[in-house]
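Peer 1: What shape does this take:
(chains A and B)
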Amino acid sequence: MTQDANVVAVLNGASKRYGKLKALDTVDLQVRRGEVLALLGPNGAGKTTAISLLLGLLEPDAGEASLFGEEPRSLAARRRIGAMLQTTAVPDTLQVGELIALFRSYYPNPRTVADIVQLAGVSDLLKRRYGKLSGGQQRRVQFALAIAGRAEILFLDEPTTGLDIEARETMWKTIRTLVGEGCAIVLTTHYLEEAEALADRIAVLARGRIVAEGSVAQIRARVAQRRIRCISAMDAQAIAQWPTVRSSRSEGDRIEIVADDAETVVRRLLAEDAALSELEVQRAGLTEAFVEITREAA
Amino acid sequence: MNTIAISAPASAGGSLPAYLLEAKYEFLRLLRTPSFAVPTLMFPPLFFLLFGLLLNHGNAGAAQYLFATYSVFGVIAPSLFGFGVAVAIEREKGWLTLKRVAPMPPGAYLLAKLVMAMTCAAIIYLILAAMAYTLGGVRLPLAQWLALGAVSVGGALPMCALGLIIGSRANASAAPAFVNLIYLPMSFLSGLWMPLSMLPHFLAQVAPLWPAWHLGQLALMTTGQATTGSIGGHLLWLAAFTAICFAIARRGLARAG
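Peer 2: Numbers count the residues shown, from 1 in each chain, chains lettered A, B, ... in the order given. A predicted model of the protein is given here:
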């Protein structure tokens, strides 16, 4: 279905319903070798559903999902992936070293134990039972299991939830190393700084649809416009016609303007209304971009 | 070796260590969970010691009967709990899903649990046999010792299949209740604790409904005791039962990914 040999995972018009709820609505997504794609979105936006389709854990109701041009459920495809899922209860009574040995045995060409242990930062945990570990340590072990098979694409569903800052930095560093080796990464996260630090590309999901897609810079540029708020008696409808103004609306005596060139607009506002007060100008980061985009979609 | 695989492996390369490790860790997990290991491994020998040896005052016939039936009783707990409860928990809490994505070779999961149940059954049988020989004065030809062991270990197949129905359908918190509902009542109603002739007649009439009864009859046959039915009949019944249970369970398990 795709001619590009660098595309490793594809969602093509994929939809998934749970009863009445449309969890995913005709989503198109491509992941290329050596890139980090971050899936962002509020809870219930469809991130985990999208990953589940790519992992073959769910079947799309419409459209298709594929890995390396194959069915995601096929053994051949699954031998080339690794996954860290959000809800996994690993058996408490097995030692970390045993879990790693078990997962290595699933792959034809696994990483060495030394390699896995070093990349995941679990060298001091090998003899410990999984059930005795802290939440952050357990997360690192799950990461170790995900990379055991020298995956060509890794699915990380909120990988750093529960990690302290140091452990998170270690995982970020490892993810960059893996990407350097050509591994593709699909990442979902609640931490926007994580997406900012790692992602080559961001897809923002809201209500089962991709509402924005692009590089971190492009997503931020979606609201690189600034937001101007003030109290003024001027006509918001008229301001909406000014150059570079994207939108303008009033609520009582307050006006909120979104504009690409805030300085010019502010200068004109002050010139036209001497009584203008409570002037505020905000610049958007990824957080604001994200909030803005998902609110627009709501 | 892979007799119960849900589908054949696409490639056998590198799979053998996975099967072996899977079985080894399954057994380690059992040993490291005393709340499961102790009752599973100790109850049949303790019951046998109490009811088969101490309380029947040297009745050799009773000792021989109970030796055969407790050998069957021994396989029920590891099979029902290993498949019923463990599968339900691992299916619900995502461990099975992660292993499938990983990807564990097809069939390794169930095969490992089957091997675990069979190993438990073999250990329990060896303990029972030692007690029967030394304390109970039970004397059998070598072929009968071996045949009874085979019934006990082979009994894991229908019992695991029964457990798997629970494991593939019930949620994790309900599974132990379902298993307990089956485990002890079925053992009693199948005459594993005392001959059905000592119980109301209608219990003997409905006994052919319980898979454990057919196993118990096989166990008694191998040791040359009075039984109902034929070896072929019981084997056929158990084979059909196993196949039907697996077919039902398989559809439930497929939903886990």
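Peer 1: any idea where the strands of the stretch 51-200 of chain B begin and end?
Peer 2: Taking DSSP state E, counting those that start in this stretch, the stretch 51-200 of chain B contains no strands at all.
Peer 1: Could you pick out the residues of it near chain A for me?
Peer 2: Within the stretch 51-200 of chain B, the residues that sit near chain A (Cβ under 8 Å from any Cβ of the partner chain) are B:89-90, B:93-95, B:97-106. In short, each C-beta sits where N, CA and C put it, glycine included.
Peer 1: repeat that with 6 Å
Peer 2: Within the stretch 51-200 of chain B, the residues that sit near chain A (Cβ under 6 Å from any Cβ of the partner chain) are B:Lys93, B:Gly94, B:Trp95, B:Leu98, B:Val101, B:Ala102, B:Pro103, B:Met104.
Peer 1: Now do the contacts for A:Ile202.
Peer 2: The contact partners of A:Ile202, taken as Cβ atoms under 6 Å, 6 or more residues apart in numbering or on different chains, are A:Ala38, A:Leu40, A:Ala195, A:Ile219.
Peer 1: So in terms of bridging, what pairs with it?
Peer 2: Beta-bridge partners for A:Ile202, by DSSP bridges, are A:Ala38, A:Gly214.
Peer 1: Can you give me the distance of it to chain B?
Peer 2: As judged by Cβ to the nearest Cβ, to the nearest Å, A:Ile202 and chain B stand 24 Å apart.
Peer 1: what's the answer for A:Arg246, then?
Peer 2: Using Cβ to the nearest Cβ, A:Arg246 is found at 43 Å from chain B.
Peer 1: hang on, B:Thr227 in a strand?
Peer 2: No. Using DSSP: H, G, I helix; E, B strand; the rest coil, the secondary structure at B:Thr227 is coil, not a strand.
Peer 1: hmm, stretch A:53-60 in reach of chain B?
Peer 2: Yes. Part of stretch A:53-60 sits near chain B under the criterion Cβ under 6 Å from any Cβ, namely A:Leu55, A:Leu57.
Peer 1: Show me what from chain A comes close to chain B.
Peer 2: So far as Cβ under 6 Å from any Cβ goes, chain A lies against chain B at A:55, A:57, A:75, A:78, A:83, A:85, A:87-89, A:91, A:93-94, A:98, A:102-103, A:105-106, A:108.
Peer 1: In terms of secondary structure, what does the longest helix along chain B contact?
Peer 2: Criterion DSSP state H: the longest helix present in chain B is helix B:108-134. For helix B:108-134, the packing partners by 3 or more Cβ pairs under 6 Å, 6 or more residues apart in numbering or on different chains; DSSP states H and E come out as helix B:15-31, helix B:60-79, helix B:142-154, helix B:156-169.
Peer 1: okay if I get those helices as a markdown table plus distance to A:Gly19, mean neighbour count and mean pLDDT?
Peer 2: Putting the helices and strands packed on helix B:108-134 into a markdown table (distance: least, Cβ to Cβ, whole Å; neighbours: other Cβ atoms under 10 Å in any protein chain shown; pLDDT from 0 to 100) gives the following:
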| stretch | distance to A:Gly19 | mean neighbour count | mean pLDDT |
| --- | --- | --- | --- |
| helix B:15-31 | 36 | 18 | 86 |
| helix B:60-79 | 36 | 25 | 91 |
| helix B:142-154 | 44 | 18 | 95 |
| helix B:156-169 | 20 | 27 | 94 |
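Peer 1: Go through these and name the closest to A:Gln137.
Peer 2: Closest to A:Gln137 of the helices and strands packed on helix B:108-134 is helix B:15-31 (Cβ to Cβ; 19.5 Å).
Peer 1: Show me what the next helix or strand after that closest one is packed up against.
Peer 2: Using DSSP states H and E, the helix or strand that follows helix B:15-31 in sequence is helix B:34-47. Here helix B:34-47 touches helix B:60-79, going by 3+ Cβ pairs under 6 Å, 6+ apart.
Peer 1: how distant is the helix it packs on from the center of its chain?
Peer 2: Centre-to-centre, helix B:60-79 and its host chain are 12 Å apart (Cα atoms, centre = their mean, to the nearest Å).
Peer 1: which other residues reach it?
Peer 2: Contacts to helix B:60-79, defined as Cβ under 6 Å, 6+ apart, come from residues B:40, B:44, B:48, B:52, B:56, B:117, B:120-121, B:124-125, B:128, B:132, B:136-138, B:148, B:152, B:155-156, B:159-160, B:163, B:187, B:192, B:215-216, B:219-220, B:223.
Peer 1: Equivalent analysis for stretch B:156-176, please.
Peer 2: Against stretch B:156-176 from outside (Cβ under 6 Å, 6+ apart): B:75-76, B:79-80, B:83-85, B:87-89, B:92, B:114, B:117-118, B:121, B:178, B:211, B:238, B:241-242, B:245-246, B:248-249, B:252-253.
Peer 1: same check, this time on stretch B:214-228
Peer 2: Against stretch B:214-228 from outside (Cβ under 6 Å, 6+ apart): B:68-69, B:71-72, B:144, B:147-148, B:151, B:155, B:190-192, B:229, B:231, B:234, B:237-238.
Peer 1: swap the cut-off to 8 Å and go again
Peer 2: The contact list for stretch B:214-228, computed with Cβ atoms under 8 Å, 6 or more residues apart in numbering or on different chains, reads B:64-65, B:67-69, B:71-72, B:75, B:140, B:144, B:147-148, B:150-152, B:155, B:158-159, B:190-192, B:208, B:229, B:231, B:234-235, B:237-238, B:241.
Peer 1: May I have it as CSV, with CA atoms only?
Peer 2: Taking Å, rounded to 0.1, in the frame of the first residue of the first chain, the C-alpha atoms of stretch B:214-228 are listed here in CSV:
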residue,chain,number,x,y,z
HIS,B,214,-13.8,-40.4,34.4
LEU,B,215,-10.2,-39.8,35.5
GLY,B,216,-10.9,-41.5,38.8
GLN,B,217,-12.4,-44.6,37.0
LEU,B,218,-9.3,-44.7,34.8
ALA,B,219,-7.0,-44.5,37.9
LEU,B,220,-9.0,-47.3,39.6
MET,B,221,-8.8,-49.5,36.4
THR,B,222,-5.1,-49.2,36.1
THR,B,223,-4.8,-50.5,39.6
GLY,B,224,-7.2,-53.4,39.0
GLN,B,225,-10.1,-52.2,41.2
ALA,B,226,-13.8,-52.4,40.6
THR,B,227,-15.0,-49.7,38.1
THR,B,228,-17.7,-48.6,35.8
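Peer 1: sorry, back to before: tell me the mean pLDDT over the longest helix of chain B?
Peer 2: On average, the pLDDT along helix B:108-134 is 93.
Peer 1: so how far is it from its chain's centroid?
Peer 2: Its chain's C-alpha centre lies 9 Å from the corresponding centre of helix B:108-134 when counted by Cα atoms, centre = their mean.
Peer 1: coming back round to it: so which of the residues of chain A next to chain B belong to helices?
Peer 2: A:Leu75, A:Arg78, A:Glu98, A:Leu102, A:Phe103.
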